[in-house]
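Asker: coordinates only, sequence not included:
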Ligand code: M6R
């Protein structure tokens, strides 16, 4: 994905655009560029590399005067990161400059059409096709040209557009990629995400698919795909700008790890009243819960790992069959669903392309879709039958941490709510689960208290070549997430296996000194895990064990290093065991000198397939 920002007003555009792009750099960071109308025409400056390179060239924006402009930070899809492939892309005759987030799927066909008509292309990007088409269809009316283009392109796009003929306007349109319009006083904005414009305004309008925005400094007008004017109700952003800043931490990731207790509190406490789970935002009666014959959880990456934990919670509490699927597989595998199927979609961003496609597939097949989303008003949220928001606040680091924790909390809430409505679970047992859920924020704080132990351990193993995570039941689920966290930010090869699978192959990978992290918090299978620990130690592995405090002594007898977490309901254990494992990934990456918040080849949300 990429980041888009646009400005029209009375101040200099370029310094604002650079500031906005800095807030969006988590979305892509292999190149950046801006286009500004400078009184005579469109002036474009762009460069391969981090935003700081562009910032240097533009001297913080001072080198590019003008009060109307668009900017872009890129995560390459079509064409390698290079100056020429960076955005903005400009049309042949210099009439249009375009920034784009998404993928134009039929760009080759459209490009060939234009090539046959003599249009010359300079880049390998799909975006250039949009710029060229705009000029090709432009007959003096930009709105109409945009409509002609969106009538023809297939795929996903959020586009910011400026036109040399209309120096007093910024245009924007989107489909399946996020784009907001910010409303100021004497100035207006576009952006891929709120933090980019929060220093200027809290009043925003979200563009829906194929809606077009035409901004002048004093007005923002909106049109539907047929170019008819429409009204949009602005909404006010409630969260504070400090939520999207590092606040004294060296990295967003550490800040977000430390924010987990508070994020859990905000997510859980409004939904428990008088000892009962209350999901105000969801319409799910006892009768409807009874009719659910199957539950699917569909998501990607970390959000998918939440689904793996969910399976244990749902099957334990509800005894209803459940499948957990990676969205990119689900959407193409002809899943068996009907109106009695509940599909739970999990997504931090609410914009992940595969997850969104899976949602649409599920709805097409008649299933009811409940989504668990962090970004308010995102596409997944708006297309679901019901939405439960995780109140984690903005998550900026590419590696997801507080989103994982709050998604888990919502999963527990949903599972407990359904159990409550079904009424099969004995009241005392329900009360104990709910009490544990309420304690979760404090217990997460307790797990965070001993960072030094993990830091010390990381200092001994940050040079490891391979690291394996093992666990059973919910500990396996947490191991999957721990392994993903470590590999994505530290680039150390890592895998997660169930303890029982080791001897079916993976154990052959172990050598003298290989690090194995054994999650052994699930009491019922603790002894089985100790057998697995003995097996790996017998092959020379060094073992860090994680368990609950009551088993510390037993763990000490078998493992080289130990970390203990508080005891809690079994299916909630990953909420606590993941904390030292997130910290471990963080410290290892930090000691290796990795770019923790912006790991190579990744972007915060994957809005392309
Ligand atoms: O925004 P989403 O939750 O839909 O994103 C899903 C994954 O792309 C995301 O969790 C990814 O795996 C993270 N980088 C993991 O830290």
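Answerer: In hand now; what should we look at? The structure displayed is predicted, hence computed values, not measured ones. Residues are numbered from 1 along each chain as shown.
Asker: Tally up the residues packed near whatever residue of the chain ends up closest to the ligand, please.
Answerer: Nearest residue of the chain to the ligand, counting by Cβ to the nearest ligand atom: residue 301, 1.9 Å away. Heads up, the C-betas are built off the backbone N, CA and C, glycines and all. Per other Cβ atoms under 10 Å, the neighbour tally for residue 301 reads 24.
Asker: how far away is it from residue 202?
Answerer: 30 Å (Cβ to Cβ, to the nearest Å).
Asker: Ok, residue 518 next?
Answerer: 47 Å.
Asker: and the two? which has more neighbours close in?
Answerer: residue 518 (28 against 18).
Asker: got a list of what that one touches?
Answerer: 469-471, 499, 529, 532-533, 536, 543-546, 559 (Cβ atoms under 8 Å, 6 or more residues apart in numbering).
Asker: can you tell me how far residue 106 sits from residue 235?
Answerer: Counting by Cβ to Cβ, the gap from residue 106 to residue 235 is 33 Å.
Asker: now swap in residue 328 and tell me
Answerer: Counting by Cβ to Cβ - residue 328 and residue 235 are separated by 31 Å.
Asker: So between the two, which is more surrounded?
Answerer: residue 328 (19 against 14).
Asker: is it true that the more buried one lies in a strand?
Answerer: No. Read with DSSP: H, G, I helix; E, B strand; the rest coil, residue 328 is helix and lies in no strand.
Asker: Apart from its neighbours in sequence, what residue is nearest it?
Answerer: residue 354 (4.2 Å; Cβ to Cβ, 6 or more residues apart in numbering).
Asker: In this structure the one you found contacts residue 303, no?
Answerer: No. Look at residue 354 against residue 303 with Cβ atoms under 8 Å: they stay out of range, at 10.9 Å.
Asker: And the two? Which one has more around it.
Answerer: Higher neighbour count among residue 354 and residue 303: residue 303, with 26 against 23, using other Cβ under 10 Å.
Asker: Got the phi and psi for the more buried one?
Answerer: phi -60, psi -30 (degrees, to the nearest 10).
Asker: ok now do the spatially closest residue to residue 38 that is not a sequence neighbour, which residues does it touch?
Answerer: Nearest non-adjacent residue to residue 38, counting by Cβ to Cβ, 6+ apart: residue 66, 4.3 Å away. Contact analysis of residue 66 by Cβ under 8 Å, 6+ apart lists 12-14, 36-39, 43.
Asker: What helix or strand is the residue nearest to residue 328 located in?
Answerer: Here residue 354, judged by DSSP states H and E, is contained in helix 353-364.
Asker: What count of nearby residues applies to the residue lying closest to residue 41 once chain neighbours are set aside?
Answerer: Ranked by Cβ to Cβ, 6+ apart and with sequence neighbours excluded, the top spatial neighbour of residue 41 is residue 164, at 5.3 Å. For residue 164, the neighbour count with other Cβ under 10 Å is 17.
Asker: what sits against residue 164?
Answerer: Taking Cβ under 8 Å, 6+ apart as the test, what residue 164 contacts is 37, 41-42, 94-96.
Asker: most neighbours, which of the residues you listed?
Answerer: Among those, residue 96 has more neighbours than the rest - 30 neighbours, counting by other Cβ under 10 Å.
Asker: The residue lying closest to residue 506 once chain neighbours are set aside and residue 479: what is the separation?
Answerer: Nearest non-adjacent residue to residue 506, counting by Cβ to Cβ, 6+ apart: residue 497, 5.0 Å away. Going from residue 497 to residue 479 by Cβ to Cβ gives 8 Å.
Asker: between these two, who's got more neighbours?
Answerer: Legend: neighbour count by other Cβ under 10 Å for residue 497 and residue 479, higher for residue 479 (31 against 22).
Asker: rewinding a little: just the contacts of residue 164: which has the poorest pLDDT?
Answerer: In this model, the minimum pLDDT among the contacts of residue 164 belongs to residue 41 (92).
Asker: returning to that earlier point: which ones among the contacts of residue 518 lie within helices?
Answerer: 529, 532-533, 536 (DSSP state H).
Asker: In a markdown table: these, plus pLDDT.
Answerer: Output for the ones in helices among the contacts of residue 518, formatted as a markdown table (pLDDT from 0 to 100):
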| residue | pLDDT |
| --- | --- |
| 529 | 97 |
| 532 | 96 |
| 533 | 97 |
| 536 | 97 |
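Asker: Closest to residue 493 out of those?
Answerer: Distances from residue 493 to the ones in helices among the contacts of residue 518, taken as Cβ to Cβ, are shortest for residue 536 (16.6 Å).
Asker: give me every residue that touches that closest one.
Answerer: Contacts for residue 536 were tallied using Cβ under 8 Å, 6+ apart; they are 468, 470, 502, 507, 510, 516, 518, 543.
Asker: So it versus residue 516, what's the distance?
Answerer: Distance from residue 536 to residue 516, by Cβ to Cβ: 5 Å.
Asker: Now for these two: what residues contact both?
Answerer: What both residue 536 and residue 516 touch, as defined by Cβ under 8 Å, 6+ apart, is the set 468, 470, 510, 543.
Asker: near the ligand, which residues of the stretch 151-300 of the chain?
Answerer: residue 300 (Cβ under 6 Å from any ligand atom).
Asker: Strands along the stretch 151-300 of the chain, start to end?
Answerer: 155-163, 170-175, 180-183, 188-191, 203-206, 212-215, 220-223, 229-230, 235-236, 272-273, 276-277, 294-299 (DSSP state E, counting those that start in this stretch).
Asker: winner for burial among the ones you listed?
Answerer: strand 188-191 (a mean of 28; mean count of other Cβ atoms under 10 Å).
Asker: Take the shared contacts of residue 536 and residue 516 and lay them out in TSV including neighbour count, distance to the ligand and pLDDT.
Answerer: Formatted as TSV, the shared contacts of residue 536 and residue 516 follow (neighbours: other Cβ atoms under 10 Å; distance: Cβ to the nearest ligand atom, whole Å; pLDDT from 0 to 100):
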residue	neighbour count	distance to the ligand	pLDDT
468	25	19	97
470	30	20	98
510	20	26	94
543	23	25	97
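Asker: ok, so of those residues, who is nearest residue 424?
Answerer: residue 470 (33.4 Å).
Asker: what sits against the closest one?
Answerer: Contact analysis of residue 470 by Cβ under 8 Å, 6+ apart lists 476, 479, 496-499, 502, 516-519, 529, 532, 536.
Asker: ok, what's across the strand from it?
Answerer: residue 497, residue 518 (DSSP bridges).
Asker: Numbering from 32 from now on, please.
Answerer: Shifting the count to begin at 32 puts that one at residue 501.
Asker: sorry, back to before: and the ones in helices among the contacts of residue 549 as JSON lines, adding distance to the ligand?
Answerer: Shown next, in JSON lines, are those (distance: Cβ to the nearest ligand atom, whole Å):
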{"residue": "560", "distance to the ligand": "25"}
{"residue": "563", "distance to the ligand": "26"}
{"residue": "564", "distance to the ligand": "27"}
{"residue": "567", "distance to the ligand": "26"}
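Asker: what residues does the protein put near the ligand?
Answerer: 331-334, 378-380, 383, 386, 429-431, 515, 519, 636-637.
Asker: List phi and psi for the residue nearest to residue 72.
Answerer: The phi/psi pair for residue 195 (degrees, to the nearest 10) is phi -60, psi -30.
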